[in-house]
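1. sequence plus the predicted model coming up.
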Amino acid sequence: MAARPPVERRLGGAGWLLVLAVLVMAGAGAALLPKHLGRGRPAPMVMPPALQIVQPGLAGALSHGVDFAPGSQPLSWTAAGRWRAAGAGLDHEWPGLVLDARFAGDGVLLAFDDPLNRYRLTVDGTEAAQITRPGQAVVRLSGFGDGPHDLRLERLSEAWAPARIAGLAVPAGGAALDPPPPPARRIDVYGDSDSLGYGIAHKGRTCPGETIFLTTDATQTWPMRLARQFGAGLSLVSRSGIGLVRNYGGAAPGRAMATLRDRLLPSDPAPADLPAPWLTLIALGDNDVSPELTAGEAWPDLPALMADFTVTLERMIRDLLARAPGHPILIVAYHDAGKPLHGRLEEVAAKLAAEGAPVWLVSLPRLDRLACDWHPSLADHVLMGDALIRTVAAMIADGRLEAP
């Protein structure tokens, strides 16, 4: 396979608009846009309605506002991901959020204050509906039968500002049941768009209009596959364009992962106070070196940038180990990472391992990168997930990682 193409080719017109959105939300000023969007591009995807019922036999409606009707019973829930409690619901910004609840009765209510995201609702293991940018709305679905029922709400999309799930409830006549217990262990993944499923469901690298938004799906990514395999919750601390010390193209200085990694919400400086993870994976670096440095950035040249990257990565890992001594950390190296970056990842892993720290480098297999803007395809995420599942299984077998 040829070397991964220059970022200017990997990032199409829609991708550039996505980066611009990041910069605007971060208050970072303007971004460079391509001079043309090209010819022969596929037609943009059509935005679906806010409520799209998938399961036959169900009825649904969406009403404005976030208040449930009198007589409704609130549902308790458990959640995996990074979020902040907000009344009967939660605020969220990082991708990969998953909520679980249980109820009895024919119907269920979900309240949103979210003009940004896309969700999949599953009841009793069957996809019931997709909810897209609902705004301030209560979604009502019925036709499930008396139950009891297991509900799962998964966020598929990426967003650049906080959003709120205002609460879950059952209409009058139903019954709120205790939610399932949260996962007993957690996997933390620090990554970028290659970790969060950017355009994963699209077959093709050119993605106009809302295609990227509509085909991004965090539930099909290698981090989610890894977490499901071992019955773990996932904290997906990932964002398109983010680097460890330098974001893509030098965007949003001071808002790289080194600054945002401890936050429950990227936009809120309050630090997260979370129990120790079972396993941590760090999959960063591509955006730090893409594209080349320009005048006015904090580093005079690539060697200076790589030196800063190396020191910062080592500092981050030492900090994570100080908070949770003994928990394993995997540094993930993509196959197409350039030699300077791969060498620095190897250097940090070798230095810490020589000191006896539970840190290892994992090199991923070659990818086809046939999804939007040269991102990993669904097949790539399956391939990477399988490789990491084998790695983690081997760690459990030889005692480097506590068995689930």
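-> Perfect, I can see it now.

2. can you pull the contacts of the residue positioned nearest the centre of the chain?
-> Nearest to the centroid of the C-alpha atoms of the chain, with distances taken as CA atoms, centre = their mean, sits Pro95, at 3.4 Å. Listed by CB atoms under 8 Å, 6 or more residues apart in numbering, the contact set of Pro95 reads 81, 155, 157-159, 196-197, 218, 236, 238-239. (C-beta placed from N, C-alpha, C; glycine too.)

3. among the residues you listed, which has the minimum pLDDT value?
-> By pLDDT, Ala159 ranks lowest within the contacts of Pro95, coming in at 94.

4. which helix of the chain spans the most residues?
-> When the chain is parsed with DSSP state H, its longest helix is helix 302-323.

5. so for that helix, mean pLDDT?
-> For helix 302-323, mean pLDDT rounds to 98.

6. helices or strands up against that helix?
-> With contacts taken as 3 or more CB pairs under 8 Å, 6 or more residues apart in numbering; DSSP states H and E, helix 302-323 sits against strand 279-282, strand 329-333, helix 339-354.

7. between the ones you listed, which one is closest to Pro365.
-> Shortest distance between Pro365 and the helices and strands packed on helix 302-323, using CB to CB, is found for strand 329-333: 11.0 Å.

8. list the strands paired with the closest one, with their directions.
-> Strand 329-333 has the following strand partners under DSSP bridges: strand 279-282 (parallel), strand 359-363 (parallel).

9. find the one among those with the highest mean neighbour count.
-> Neighbour counts (mean count of other CB atoms under 10 Å) averaged over each of those peak at strand 279-282, with a mean of 24.

10. export the helices and strands packed on helix 302-323 to CSV and tack on distance to Gly143 and mean pLDDT?
-> Converted to CSV, those look like this (distance: least, CB to CB, whole Å; pLDDT from 0 to 100):
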stretch, distance to Gly143, mean pLDDT
strand 279-282, 40, 98
strand 329-333, 43, 98
helix 339-354, 51, 96
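
11. of those, which approaches Gly296 most closely?
-> Among the helices and strands packed on helix 302-323, the nearest to Gly296 by CB to CB is helix 339-354 (21.5 Å).

12. who's in contact with that closest one?
-> For helix 339-354, contacts defined as CB under 8 Å, 6+ apart pick out 285-286, 288-289, 302, 306, 309-310, 313-314, 317-318, 331, 333, 337, 359-361, 363.

13. show the buried residues in those residues.
-> By neighbour count, with 16 or more other CB atoms under 10 Å, the contacts of helix 339-354 hold 285-286, 288-289, 306, 309-310, 313-314, 317, 331, 333, 337, 359-361 as buried.

14. ok, Val237 - contacts?
-> Val237 makes contacts with 82, 94, 188-191, 257, 260-261, as judged by CB under 8 Å, 6+ apart.

15. let's see which of these end up in strands.
-> Those of the contacts of Val237 mapping onto strands are 188-191, per DSSP state E.

16. what's the span of stretch 195-205, first residue to last?
-> 17 Å (CA to CA, to the nearest Å).

17. separation between Ala371 and Pro42?
-> Applying CB to CB, to the nearest Å, the value for Ala371 to Pro42 is 13 Å.

18. before we move on, what about Ala251?
-> Plainly put, Ala251 is 27 Å away from Pro42 if you go by CB to CB.

19. those two: which has the busier surroundings?
-> Just comparing Ala251 and Pro42: by other CB atoms under 10 Å the higher neighbour count belongs to Ala251, 23 against 12.

20. ramachandran angles for that one?
-> Note on Ala251: backbone dihedrals following degrees, to the nearest 10 are phi -70, psi 150.

21. pull up the gap between it and Glu292, please.
-> Remark: distance between Ala251 and Glu292 (CB to CB) = 14 Å.

22. what do you get for His202?
-> Relative to Glu292, His202 is positioned 28 Å away (CB to CB).

23. tell me which of the two has more neighbours.
-> Legend: neighbour count by other CB under 10 Å for His202 and Glu292, higher for His202 (24 against 13).

24. contacts only, for that one.
-> Listed by CB under 8 Å, 6+ apart, the contact partners of His202 are 211-212, 215, 371-372.

25. take these and lay them out in TSV including secondary structure, pLDDT and distance to Ala104.
-> Below are these laid out as TSV (DSSP: H, G, I helix; E, B strand; the rest coil; pLDDT from 0 to 100; distance: CB to CB, whole Å):
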residue	secondary structure	pLDDT	distance to Ala104
Thr211	helix	96	40
Ile212	helix	97	39
Thr215	helix	97	35
Ala371	strand	97	40
Cys372	helix	97	41
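
26. cheers, nothing more for now.
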